[in-house]
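Undergrad: Sequence and computational prediction follow.
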Number of protein chains: 2
Amino acid sequence: MPPGTPRSPATLHDVAREAGVSLATASRSLNGSTRRVNEEYRARVVAAAERLGYIANFSAQAIAKGMSPTVALVVSDIADPYFSSIASGVMRGADESGLLVTMAVTERSAARELGIVKSLRGQRPRVLILTGSRFLDSAGEEEALTRELAAYEESGGRVVVVAQQSLPFDTVQMRNYEGARDLARALADRGNRRFAAITGSRSLLTSADRLQGFRDGLAESGIELPDELVVAGEFTRDGGYAAAGELLERGLDGVDVVFAVSDVMAIGTLSRLRDAGVDVPGRIGVAGFDDIATAADVTPALTTVRLPLVEMGRLALEMALREREDGERQVRTVGGAVLLRASTR
Amino acid sequence: MPPGTPRSPATLHDVAREAGVSLATASRSLNGSTRRVNEEYRARVVAAAERLGYIANFSAQAIAKGMSPTVALVVSDIADPYFSSIASGVMRGADESGLLVTMAVTERSAARELGIVKSLRGQRPRVLILTGSRFLDSAGEEEALTRELAAYEESGGRVVVVAQQSLPFDTVQMRNYEGARDLARALADRGNRRFAAITGSRSLLTSADRLQGFRDGLAESGIELPDELVVAGEFTRDGGYAAAGELLERGLDGVDVVFAVSDVMAIGTLSRLRDAGVDVPGRIGVAGFDDIATAADVTPALTTVRLPLVEMGRLALEMALREREDGERQVRTVGGAVLLRASTR
DNA sequence: GCATATCCGGCAAGCGCTTTCCTTGCTACG
DNA sequence: CGTAGCAAGGAAAGCGCTTGCCGGATATGC
């Protein structure tokens, strides 16, 4: 055999031969089974496996068992701290359960999301976790996605969606509306009177809910959020930066606080205001939503609504792994805690 | 069949039957092959697949081909923006090449890293990308890891390590030493004279290189970095925060700039100083390394050394996918550009 | 002491694909 | 018109593993 020829890794077959037992016994010894195997054999097999550096071929196991020990995770953008925190929770949980995580990125496109789900299904993962907001206006894709996910569950998989109440599957849901409303109340209580808002695309559910909550919270104090002071941008740092610029052009005189529907956007806003030489919170305050890790580290520290992102990821996985009681859809809701920090007064 | 029975997804077999062709023809039509198949048949197969919602079973393909169309990515911590940026680049590249990404987290433990690599090998991925710094003092694990990786390459896989010059595999390397040296020069040129430093664990290669580069850069201007002003902490935001506290206790009088060996640590430092009421950069400046996304968004904006993180991830994957010319080890080096921002004077 | 139950190896049949090899039906050429 | 050459479909042999079933050996009951 010429050097450089891929020497394939030891197979179970090799191990069985080396240990002088049958394939079946080797399999049962190494990879778990309901059946017990005599300790003496077991030891021999384990030793042989060790000697040969045997590592079970997941694909083969997957195919023999009809399902692979992996969880598929779909996020909008892994570089976004919101998603990377959730992913972190999922991965930690997966590790504890001996599952591999395969991840894919939608780049916030409903079409890509659908394609990704289809291709992930090719893996026959045990669990599929979907995070990232639904769009109000992508009904076509959404229906196709629902069909795809339903078919996947039908074939024995489990899907959990994080933060998208609109899909008929197990859900980890966050109180977007309530959190934003509480934030508005807290801000109003502190004497802030005029507000502006920066939202994601109007069709983004999460964004819309938060905005509505904020609006309603203000309304309780008789405060109105004027439409001309609500500007939409991409649901990213740069989107926040750009939207803040737009707001600046429209004139922010007399506005006490700008509410951005996510921390990432709020941080963009903060930067835009800083670049314009606007003092925060002296001249104007900024508030966000999510409490991503850096929210506490920007200056001034960002007022926001804390979401337990890492735990949400973990929770999603737990729900997926739990035996379903009675075919009922599970919905777990996590709340947000208002965190008043230095970026508002 | 009672409802709720997992109805397994359509197999290639089903498609072949539906289309009235053989398994072989169906396979060749759908999943690519060197052999051509008559257009009429092809169309029939494709139509049948569409009708049945057929999705190829990756595991089965993997097992038949001996290798699965996935790239395994190992990072220290996905919630860390440094890693999530690299991961983002890898995932984008993978998507373009039709590969799935499976990811695992070492939590900065060499032992866990080894375990993870072993378990990932079970997937028989085409590519394995390792990011995260090596440790100087984990020789045992490192040797075992090298053996494991070598065996993996032997069996046809490709490994690329990012930022760890010490492993004998294809490498995307960054100029840690030079970047830090250039930063030191730039800072000294601007008239800064007294420095302190915050590093990761002393045994962390990346950290050590950056510190040494910084030292040597200062030395060119005849400036010394006193040992008592170098404090080590965890390679995280909290580590930076804690280390800065330690530095504060030791007394920072007269120090012009604190250099933290990573932006994440620098941001912790910034927060610690802010909490202590120390004006940055008025009383003291802070500099980091990496240029993670938020570096520009903290206030004051962080002086740092820019590394093209996303591109590094993408590059790593490209290298792995490129045919190896002649068994030679490839090393690609990316440089860092000094970015003087508001956090230093 | 015999029948029955229990334990545990091993055999072999898959799991869903790819790919080699065989076969058939053409085209091309002398 | 005969034969070599080629294109393309199909049969079947795996790929590495799990697991239902069989059967020999040992334990248990009357």
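TA: Okay, I see it.

Undergrad: tell me the contacts of the residue lying closest to A:Arg193 once chain neighbours are set aside?
TA: Leaving out its chain neighbours, the residue that sits closest to A:Arg193 by C-beta to C-beta, 6 or more residues apart in numbering or on different chains is A:Asp256, at 5.8 Å. All C-beta atoms are positioned from the backbone trio N, CA, C, and that covers glycine. By C-beta atoms under 8 Å, 6 or more residues apart in numbering or on different chains, the residues touching A:Asp256 are A:187, A:192-195, A:284-285, A:345.

Undergrad: try A:Thr303
TA: A:183, A:187, A:285-288, A:339-344.

Undergrad: A:Met265 too?
TA: Per C-beta under 8 Å, 6+ apart, neighbours of A:Met265: A:198, A:200, A:233, A:235-237, A:239-240, A:243, A:288.

Undergrad: Now the buried members of those residues.
TA: Burial by neighbour count, 16 or more other C-beta atoms under 10 Å in any protein chain shown: within the contacts of A:Met265 this picks out A:198, A:200, A:233, A:235-237, A:239-240, A:243, A:288.

Undergrad: Secondary structure element holding the residue nearest to A:Thr106 when sequence neighbours are not counted?
TA: The spatial neighbour of A:Thr106 that comes closest, neighbours along the chain excluded (C-beta to C-beta, 6+ apart), is A:Glu113 at 4.2 Å. Secondary structure here is read from DSSP states H and E; on that basis A:Glu113 sits in helix A:110-121.

Undergrad: Mind listing residues that contact that helix?
TA: A:72, A:74, A:102, A:104-106, A:128, A:130, A:132, A:135, A:138, A:141-142, A:144-145, A:148-149, A:152, A:157, B:9, B:55, B:100.

Undergrad: Just to be sure, which of those residues are found in strands?
TA: Residues of the contacts of helix A:110-121 located in strands (DSSP state E): A:72, A:74, A:102, A:104-105, A:128, A:130, B:100.

Undergrad: Tell me which two of those sit farthest apart.
TA: Among those, the pair separated by the greatest distance (C-beta to C-beta) is A:Leu130 and B:Leu100, at 15.9 Å.

Undergrad: Quick check: the gap between A:Glu55 and DNA strand C.
TA: Rather than Glu, residue A:55 is Ile. 18 Å (C-beta to the nearest atom of the strand, to the nearest Å).

Undergrad: Now A:Ala232, what are its backbone angles?
TA: phi -100, psi 150 (degrees, to the nearest 10).

Undergrad: can you pull the contacts of it?
TA: A:198-202, A:243.

Undergrad: Make TSV from those residues and add pLDDT to it.
TA: Listed next are the contacts of A:Ala232 as TSV, based on pLDDT from 0 to 100:
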residue	pLDDT
A:Ile198	98
A:Thr199	97
A:Gly200	94
A:Ser201	89
A:Arg202	84
A:Ala243	97
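
Undergrad: Restricted to strands, list the residues you listed.
TA: Using DSSP E, those in strands are A:198-199.

Undergrad: Out of the contacts of A:Ala232, flag the one nearest to A:Ala301.
TA: A:Ile198 (18.6 Å).

Undergrad: Kindly state the beta-bridge partners for that closest one.
TA: A:Val231, A:Ala260 (DSSP bridges).

Undergrad: ok, it to B:Arg51 distance?
TA: Distance of A:Ile198 to B:Arg51, computed by C-beta to C-beta, to the nearest Å: 46 Å.

Undergrad: before we move on, the earlier item: closest to B:Ala79 out of the contacts of A:Met265?
TA: Scanning the contacts of A:Met265 for proximity to B:Ala79, where the rule is C-beta to C-beta, the winner is A:Arg237, at 16.6 Å.

Undergrad: Return the residues of the stretch 101-250 of chain A in contact with chain B.
TA: Listed as neighbours of chain B in the stretch 101-250 of chain A under the rule C-beta under 8 Å from any C-beta of the partner chain: A:101-105, A:118-124, A:151, A:154-156, A:237.

Undergrad: Need the buried ones from those selected in ChimeraX.
TA: Only the buried entries of those go into this ChimeraX selection, using 16+ other C-beta under 10 Å:
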select /A:101,102,103,104,105,119,120,121,122,123,124,151,155,237
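
Undergrad: hmm, which helix or strand of chain A has the shakiest average pLDDT?
TA: helix A:139-154 (a mean of 90; mean pLDDT, DSSP states H and E).

Undergrad: Show residues contacting that helix.
TA: A:110-111, A:113-114, A:117-118, A:121, A:128, A:130, A:134-135, A:159, A:166-169, B:6-7, B:9, B:53.

Undergrad: wouldn't A:Leu309 be in contact with A:Ala295 here?
TA: No. Judged on C-beta atoms under 8 Å, A:Leu309 makes no contact with A:Ala295 at a distance of 11.1 Å.

Undergrad: These two: which has the busier surroundings?
TA: A:Leu309 (26 against 23; other C-beta atoms under 10 Å in any protein chain shown).

Undergrad: tally of neighbours for the residue nearest to the more buried one when sequence neighbours are not counted?
TA: Leaving out its chain neighbours, the residue that sits closest to A:Leu309 by C-beta to C-beta, 6+ apart is A:Ser85, at 3.7 Å. Applying other C-beta under 10 Å, we find 24 residues neighbouring A:Ser85.

Undergrad: Please consider this matter closed, and thank you.
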